[in-house]
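Visitor: have a look at this prediction, sequence included:
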Amino acid sequence: MGPSDRPGVVCLCGSLRFQDLFESERRRLTALGKIVLAPEAIDEELTPARREALGELHLRRIDISDEVRVVSEGGYLGSATRREIAYAREKGKSVSSTDSGLEL
């Protein structure tokens, strides 16, 4: 299997407050044959340094993805998600959303 034959890679971005939506979107995309990358909740205290490190880790997920899918509802976009969208666009990734009312 060559690089052009590999399944598409989608990175989910958004607030983990939408955990159920993340899970349903992960299942939907997996059923479509996509490789899905997403942030994970951790059990450690989120110090500012730890939060920054996890943010950088997520940017690396975007780097290796073909596209970014924003998980949101009610038009909510936090500052970290806005940063990730800007980063994805800067890297030439396509960006879409689960929230049809969201202006991207």
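Guide: Perfect, I can see it now.

Visitor: any idea which element Arg61 lies in?
Guide: Element membership for Arg61 (DSSP states H and E) is helix 48-63.

Visitor: neighbouring contacts of that helix?
Guide: 11, 13, 37-39, 42, 44, 46, 68, 80, 83-84, 87-88, 91, 93 (C-beta atoms under 8 Å, 6 or more residues apart in numbering). C-betas here are computed from N, CA, C, even on glycine.

Visitor: top of these by neighbour count?
Guide: The residue in the contacts of helix 48-63 with the most neighbours, by other C-beta atoms under 10 Å, is Cys13 (29 neighbours).

Visitor: surely that residue meets Ala86?
Guide: No. The pair Cys13 / Ala86 is not scored as a contact, 11.0 Å apart, by C-beta atoms under 8 Å.

Visitor: could you export the helix or strand of the chain with the lowest mean pLDDT as PDB, CA atoms only?
Guide: Sorted by mean pLDDT, DSSP states H and E, the helices and strands of the chain end with helix 48-63, the least confident at a mean of 94. Output of helix 48-63 as PDB, limited to C-alpha atoms (Å, rounded to 0.1, in the frame of the first residue of the first chain):
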ATOM      1  CA  PRO A  48      -0.200  25.900  32.600                       C
ATOM      2  CA  ALA A  49       2.900  24.100  31.400                       C
ATOM      3  CA  ARG A  50       1.000  20.800  31.000                       C
ATOM      4  CA  ARG A  51      -1.800  22.500  29.100                       C
ATOM      5  CA  GLU A  52       0.700  24.100  26.800                       C
ATOM      6  CA  ALA A  53       2.400  20.800  26.100                       C
ATOM      7  CA  LEU A  54      -0.900  19.100  25.300                       C
ATOM      8  CA  GLY A  55      -1.800  22.000  23.000                       C
ATOM      9  CA  GLU A  56       1.500  21.500  21.100                       C
ATOM     10  CA  LEU A  57       0.800  17.700  21.000                       C
ATOM     11  CA  HIS A  58      -2.500  18.500  19.300                       C
ATOM     12  CA  LEU A  59      -0.900  20.700  16.700                       C
ATOM     13  CA  ARG A  60       1.300  17.700  15.800                       C
ATOM     14  CA  ARG A  61      -1.900  15.700  15.300                       C
ATOM     15  CA  ILE A  62      -3.000  18.400  12.900                       C
ATOM     16  CA  ASP A  63       0.300  18.200  11.100                       C
END
